[in-house]
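J.: no FASTA, just this:
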């Protein structure tokens, strides 16, 4: 694998690098999802609640991803907004079995979307309806309805159900996110070129 | 106001079509991590009284989030339930205590674990005597014997006797026969129960249980060996039946229990006392009582209807008029904001939040709230659960971005304004304007110009005097900081040690500059030789570097008369001083000239 990577590096002169922000309430499974994407040698067996935030790096879909794994605890949620500026995509993890806290999920999501560093940019948002294996878990459609996701018009978003422990559904979501970030980068470049032409 | 109520609380929609109805009280609700999985579940006692056919019964229901997960029948109607930790062992397992009649049932992992019954009280002498006589005396004399009990308060009789008095003549015989050997004693019913932390430590410390009975006793039960570790009487001279309780402190150090009784009295008990101290007596019945942890004040709601706050000595601090009768009241400790709010549910469905006397938030629910509970539920820290009178459960979550500022918009609420007036009138007793003040004000009005100019003259004179004093100080260098701008600023401080006649004078020279070095310095001491002898009066100082203070010391010996060992008569406190001069070599004017006042010398023996 390592050699293949090196080869890929040689062929691809400019390797894609993306920074994504992993958000979500405490105990929704953010760190477990990030842990799943890491190389098997770097994975940790026991997950503990994140304090503050962690920056993790992993390689998937031919891109190296810098994931900022934010803590979801109430007292650390005010740190989220400081990372909005330097992220290209957001991964929003939802515990699909914790119905009681959907209002909190929705409220926090609104706070994220209203923030000037997010609202004025095209940031693709990927929602993970995590813990889909639990008996109380809700389907994608129901989560989207409960959170009022259809109201998000300006940003590309996608929801997929996942199970961070088995890894089910995770790759599909990240694939989408990487694609969207690529589009966003391209359209930005294109936009920049147009403005140059105008000048 | 609409914005405030929308913005502080998030409403949790119950997803069920036909919601679960629950009839309960605030004391019969608790939050507990019963399954030890870090998911705090709501435990509620559902008391079914509506079914007139059957006996009233109660069930303990466990909710995960808003969903009913388990239910257990209880052997009676509980007065209170509590979730507590009894030891420090890991994993920490909470124990559920359910107070039913005279006993407390303990459940561990939701399985019966222990039953504790409060001690029996000694029966009245007359009553004990009666039970000794009844089985041996003839049946005809029974009525006369029972008549003797007329004078005894019915509530002070044992249950056995109470029952006996209710029976008709024929039934008594059999009753006496069956119960003649059972002990005569009365057992109180537990009326309130709450937890008292053993020591103040991190989250979930082990706790003791505080129990109060309708016989007016209060007990602290240690739930490991089930011993009573504290016993007290709420009131020394009468049976005060408690109805409300609030506890603060820790058992090991100091605790404070506030008990509200059915007839409006509020009593305070401490660890050191075995009898309650009456702090206030209200004429209107109490509906709620809280001992606030932060400022140690007692908040009381009454049927008046108002919310009043008292100090622990019974002094009223403030009173807020409420719009409707208060139904229940709970404290909301918001540790992340460092405040404790008081939530008051009013008849009609309004729920109001007070920060001290100020209304900071409010919302309405469709009907009157009968019970409230606040705390960590599920994974969320700040959850307020409301149970309405018809049994609906409403769950509100505090938003992360909240602010509790007093609602002070114009016309926001008349009650707050009127309450302010009530408070101001009751507390602040400002004196009236004195006649001197009034006369002076009148004079100033008449001679406005003259008084203004005389004030200005005085002001200028003051400024002139101050400027002069400053110049004098600079010229004579009589300050502790050198005023010469061409050199590094130097600070001198002095300290006299010793009781006499030998003193030691410590001088500290400090260079206040950040980069300049103070070099070529000399210290010269000068004293009246009739009063003080200096071994050494001149010292050359090494260069003083910025930031590093230099300490030099001199020996000063006070001159004493050889005969009577007393200082000379010419030494007075005014001239008992030593002049210290800080000089720079090659400069005639001292940088600093300071005077050190010497203390009175002890006589040498």
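T.: The structure has been received and is ready for your questions. Predicted model, so just to flag it, every value in this text is computed and none were measured.

J.: Please count neighbours and contacts with C-alpha atoms only from this point.
T.: Will do.

J.: Residue A:143 belongs to a helix?
T.: Yes. Under DSSP: H, G, I helix; E, B strand; the rest coil, residue A:143 sits within a helix.

J.: give the contact list for residue B:397.
T.: Applying Cα atoms under 8 Å, 6 or more residues apart in numbering or on different chains, we find residue B:397 in contact with A:104, B:9-12, B:380, B:382-384.

J.: Most neighbours of all the residues you listed, which one?
T.: Tallying neighbours with other Cα atoms under 10 Å in any protein chain shown puts residue B:9 at the head of these, with 24 neighbours.

J.: Once you drop chain neighbours, what's closest to it?
T.: Leaving aside its sequence neighbours, residue B:9 sits nearest to residue B:398 (Cα to Cα, 6 or more residues apart in numbering or on different chains; 4.6 Å).

J.: residue closest to the middle of chain A?
T.: The residue lying closest to the centre of chain A (Cα atoms, centre = their mean) is residue A:91, at 1.7 Å.

J.: Quick one: name the residues of chain A near chain B.
T.: A:26-27, A:74-75, A:98-104, A:107 (Cα under 8 Å from any Cα of the partner chain).

J.: Same list (the residues you listed) but as TSV, adding secondary structure and pLDDT.
T.: Below are the residues of chain A next to chain B laid out as TSV (DSSP: H, G, I helix; E, B strand; the rest coil; pLDDT from 0 to 100):
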residue	secondary structure	pLDDT
A:26	coil	89
A:27	coil	88
A:74	helix	85
A:75	helix	85
A:98	coil	85
A:99	helix	84
A:100	helix	85
A:101	helix	87
A:102	helix	88
A:103	helix	88
A:104	helix	90
A:107	helix	90
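
J.: what's the closest of those residues to residue B:25?
T.: The shortest approach to residue B:25 among those belongs to residue A:100, at 22.3 Å (Cα to Cα).

J.: any idea how far residue A:102 is from the closest residue to the closest one other than its chain neighbours?
T.: Spatial nearest neighbour of residue A:100, excluding adjacent residues (Cα to Cα, 6+ apart): residue B:65 at 5.7 Å. Per Cα to Cα, to the nearest Å, residue B:65 is found 11 Å from residue A:102.

J.: near chain A, which residues of the stretch 301-450 of chain B?
T.: So the stretch 301-450 of chain B meets chain A at B:336, B:379-380, B:397, B:399-400 (Cα under 8 Å from any Cα).

J.: Tell me which two of these sit farthest apart.
T.: B:336 and B:379 (16.2 Å).

J.: Pick out whichever of the two has more residues nearby.
T.: More neighbours surround residue B:379 than the other of residue B:336 and residue B:379, with 20 against 9 (other Cα under 10 Å).

J.: from memory that one sits against residue B:40, does it?
T.: Yes. In this structure, residue B:379 is within contact of residue B:40 by Cα atoms under 8 Å, at 7.0 Å.

J.: Which one of the residues in chain B is closest to chain A?
T.: Nearest to chain A, among the residues of chain B, is residue B:65, at 5.7 Å (Cα to the nearest Cα).

J.: could you point out where the chain is predicted with low confidence?
T.: In the absence of a named chain, chain A is used. Residues of chain A that meet the criterion pLDDT under 70 lie in A:1-15, A:190-199.

J.: Can you look at chain B instead?
T.: B:1-6, B:15-18, B:50-54, B:155, B:201-202, B:407-432, B:477-479, B:483-486, B:603-605.

J.: can I see the domain layout of it?
T.: B:121-186, B:435-476, B:490-597 (automatic domain parsing).

J.: any idea which of these is most buried?
T.: domain B:490-597 (a mean of 17; mean count of other Cα atoms under 10 Å in any protein chain shown).

J.: nearest spatial neighbour of residue B:199, skipping sequence neighbours?
T.: Spatially, and ignoring its direct neighbours in sequence, residue B:199 is nearest to residue B:250 (5.3 Å; Cα to Cα, 6+ apart).

J.: Just give me the neighbour total for that neighbour.
T.: Applying other Cα under 10 Å, I find that residue B:250 has 19 neighbouring residues.

J.: and if you look at residue B:319?
T.: For residue B:319, using other Cα under 10 Å, the count is 23.

J.: so it is in which element?
T.: Here residue B:319, judged by DSSP states H and E, is contained in strand B:316-321.

J.: Show me which parts of the helix or strand just after that strand are buried, residue by residue.
T.: With elements assigned by DSSP H and E, the helix or strand that comes after strand B:316-321 is strand B:326-334. Within strand B:326-334, the residues that count as buried by 16 or more other Cα atoms under 10 Å in any protein chain shown are B:326-333.

J.: Which strands border strand B:326-334, and is each parallel or antiparallel?
T.: strand B:339-346 (antiparallel) (DSSP bridges).

J.: Now tell me what touches the strand it pairs with from outside.
T.: B:292, B:294, B:323-334, B:351-356, B:368-370.

J.: for stretch B:539-550, same thing?
T.: Against stretch B:539-550 from outside (Cα under 8 Å, 6+ apart): B:508-524.

J.: Just the buried subset of the residues of chain A next to chain B, please.
T.: A:26-27, A:74, A:98-104, A:107.

J.: State the distance from whatever residue of chain A ends up closest to chain B to residue B:262.
T.: Closest approach between chain A and chain B, counting by Cα to the nearest Cα: residue A:100, at 5.7 Å. Noted for residue A:100: a distance of 38 Å to residue B:262, by Cα to Cα.

J.: One more: residue A:67?
T.: With Cα to Cα as the criterion, residue A:67 and residue B:262 are 61 Å apart.

J.: More neighbours: the two, which one.
T.: residue A:67 (21 against 17).

J.: The more buried one sits in which helix or strand?
T.: Going by DSSP H and E, residue A:67 is part of strand A:63-70.

J.: Ok, residue B:353 next?
T.: Going by DSSP H and E, residue B:353 is in strand B:350-355.

J.: in the stretch 151-300 of chain B, which spans are helices?
T.: Under the criterion DSSP state H, counting those that start in this stretch, the stretch 151-300 of chain B contains helices at B:159-166, B:169-179.

J.: count of residues packed around residue A:173?
T.: With other Cα under 10 Å as criterion, residue A:173 counts 18.

J.: you'd agree it is in a helix?
T.: Yes. Assessed by three-state DSSP, residue A:173 belongs to a helix.

J.: Distance check, it against residue A:167.
T.: Residue A:173 sits at a distance of 11 Å from residue A:167 (criterion: Cα to Cα).

J.: Is it correct that residue A:81 is in contact with residue A:115?
T.: Yes. Counting by Cα under 8 Å, residue A:81 does reach residue A:115; the two are 7.5 Å apart.

J.: Overlap in contacts, the two.
T.: Counting by Cα under 8 Å, 6+ apart, nothing touches both residue A:81 and residue A:115.

J.: can you give me the end-to-end distance of stretch B:558-565?
T.: 11 Å.

J.: what's the one helix or strand residue B:449 maps to packed up against?
T.: With elements taken from DSSP H and E, the one containing residue B:449 is helix B:448-476. Packing partners of helix B:448-476 (3 or more Cα pairs under 8 Å, 6 or more residues apart in numbering or on different chains; DSSP states H and E): none among the helices and strands.

J.: Would you tell me what the next helix or strand after it is?
T.: Following helix B:448-476 toward the C-terminus (DSSP H and E): strand B:490-497.

J.: Tell me which other helices or strands that next one touches.
T.: Under the contact criterion of 3+ Cα pairs under 8 Å, 6+ apart, strand B:490-497 touches strand B:502-511.

J.: and the direction of the strand it packs on versus that of strand B:490-497, what angle?
T.: 160 degrees (axes from the mean of the first three to the mean of the last three Cα atoms, to 10 degrees).

J.: Distance-wise, check the most far-flung residue of chain B relative to its centre relative to residue B:506.
T.: Distance from the C-alpha centroid of chain B peaks at residue B:586, with 66.5 Å (Cα atoms, centre = their mean). Distance, residue B:586 to residue B:506, using Cα to Cα: 25 Å.
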